[in-house]
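*Asks:* Using only what follows, build the 3D model:
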Amino acid sequence: MITLSQSPTQNHLLAVLPKQELETLAAHLEFVPMLLGQMLYEPGVKLQYAYFPATAIVSLHYVMESGASAESAGVGNEGVVGIALFMGGETTSSSAVVRTAGYGYRLPGRLLKQEFNRAGLMQRLLLRYTQALMTQISQTAVCNRHHSIEQQLCRWLLLTLDRLPSNELIITQELVAYALGVRREGITEAAGKLQRSGYISYRRGHISVLDRIGLENSVCECYSVVKNEFNRLFLIV
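*Replies:* From the prediction side, this is the model:
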């Protein structure tokens, strides 16, 4: 049951659609809870649905044969999970796992492809989103190679905050380390520095951001590159 406070327009891609187009699409959108750790798709498995997160955040990551992994991008209310459906591949080499619980809306893959092939506004939005997602993936790779764990953590926290309605994240240091592909000890040290600076407050399973400006002053340029690209592409509808 969708309540008055729940609407597909909580997803920014869907919110940009004209009312008539959204109403047509909404008839096929299914409201779905998205649980922490839920696997939306696995490597090599044909995608059946596209997911439009509203309050949840999904991690796109790759797991090595050794079991090590790292997040290549996050997807929240700014985007869609399942771009392989309209890009023609239908499968990917990465996984999509819910890392912040919430809810979203799912659409059968065949309907997303139909909408994309109509070559209307939805196609343009999906292509722009894909370009912005590629920027996020490439910038994440550069950041992980050239910037400190503290800077990476600031970038990750800020990008996560941009997708949430509050300044509190419910997540463990283990999950943050898993997302960034670093040792937990590195996250403990970086989080400790940010806490001593008064930027965050950390207790087991919860990170509260107390001073966002402080985080923005400590982060590398990778955060603004990703944020500015999303803003640039979605100001021109």
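
*Asks:* so residue 41 touches residue 95, yeah?
*Replies:* Yes. Counting by CB atoms under 8 Å, residue 41 does reach residue 95; the two are 6.8 Å apart. (Glycine included, C-beta is placed from N, CA and C.)

*Asks:* so where's the chain shaky on pLDDT?
*Replies:* 1-5, 235-237 (pLDDT under 70).

*Asks:* now do 80
*Replies:* 1-6, 63-69, 234-237 (pLDDT under 80).

*Asks:* care to break it down by domain?
*Replies:* For the chain, automatic domain parsing gives the domain ranges 8-119, 148-219.

*Asks:* Could you point out which of the ones you listed sits nearest residue 234?
*Replies:* Of all the domains of the chain, domain 8-119 sits nearest to residue 234, with 7.1 Å by CB to CB.

*Asks:* can you give me the end-to-end distance of that closest one?
*Replies:* Terminal residues of domain 8-119 lie 21 Å apart, using CA to CA, to the nearest Å.

*Asks:* I'd like the domains of the chain laid out as CSV, including distance to residue 137.
*Replies:* What follows is the domains of the chain, written out as CSV (distance: least, CB to CB, whole Å):
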stretch, distance to residue 137
domain 8-119, 5
domain 148-219, 12
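
*Asks:* where do the strands sit along the chain?
*Replies:* Taking DSSP state E, the strands of the chain run over residues 30-34, 39-41, 49-53, 57-63, 69-75, 95-100, 102-108, 168-170, 200-203, 206-209.

*Asks:* among those, which is nearest residue 145?
*Replies:* Residue 145 lies closest, by CB to CB, to one member of the strands of the chain: strand 69-75, at 11.2 Å.

*Asks:* Who are the packing partners of the closest one?
*Replies:* Counting by 3 or more CB pairs under 8 Å, 6 or more residues apart in numbering; DSSP states H and E, the packing neighbours recorded for strand 69-75 are strand 57-63, strand 95-100, helix 121-146, helix 173-180.

*Asks:* ok so, going back, quick one: which of residue 41 and residue 95 has more around it?
*Replies:* Taking neighbours as other CB atoms under 10 Å, residue 41 and residue 95 compare with residue 41 leading, 22 against 18.

*Asks:* And the more buried one, how close does it get to residue 60?
*Replies:* 10 Å (CB to CB, to the nearest Å).

*Asks:* shared neighbours of those two, anything?
*Replies:* Common neighbours of residue 41 and residue 60, counting by CB atoms under 8 Å, 6 or more residues apart in numbering, are 81, 95, 96.

*Asks:* dump the residue contacts of the residue lying closest to the first one once chain neighbours are set aside.
*Replies:* What it means is residue 81. Spatial nearest neighbour of residue 81, chain neighbours left out: residue 51 (4.1 Å); criterion: CB to CB, 6 or more residues apart in numbering. By CB under 8 Å, 6+ apart, the contact set of residue 51 is 32, 34, 40, 58, 80, 81, 82, 96, 104, 105, 106.

*Asks:* Let's see that with 7 Å instead.
*Replies:* Residue 51 is in contact with 40, 58, 80, 81, 82, 104, 106, counting by CB atoms under 7 Å, 6 or more residues apart in numbering.

*Asks:* got CSV for the helices and strands packed on strand 69-75, with distance to residue 157 too?
*Replies:* Formatted as CSV, those follow (distance: least, CB to CB, whole Å):
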stretch, distance to residue 157
strand 57-63, 12
strand 95-100, 12
helix 121-146, 13
helix 173-180, 9
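
*Asks:* between these, which one is nearest to residue 11?
*Replies:* Nearest of the helices and strands packed on strand 69-75 (CB to CB): helix 121-146, 10.9 Å.
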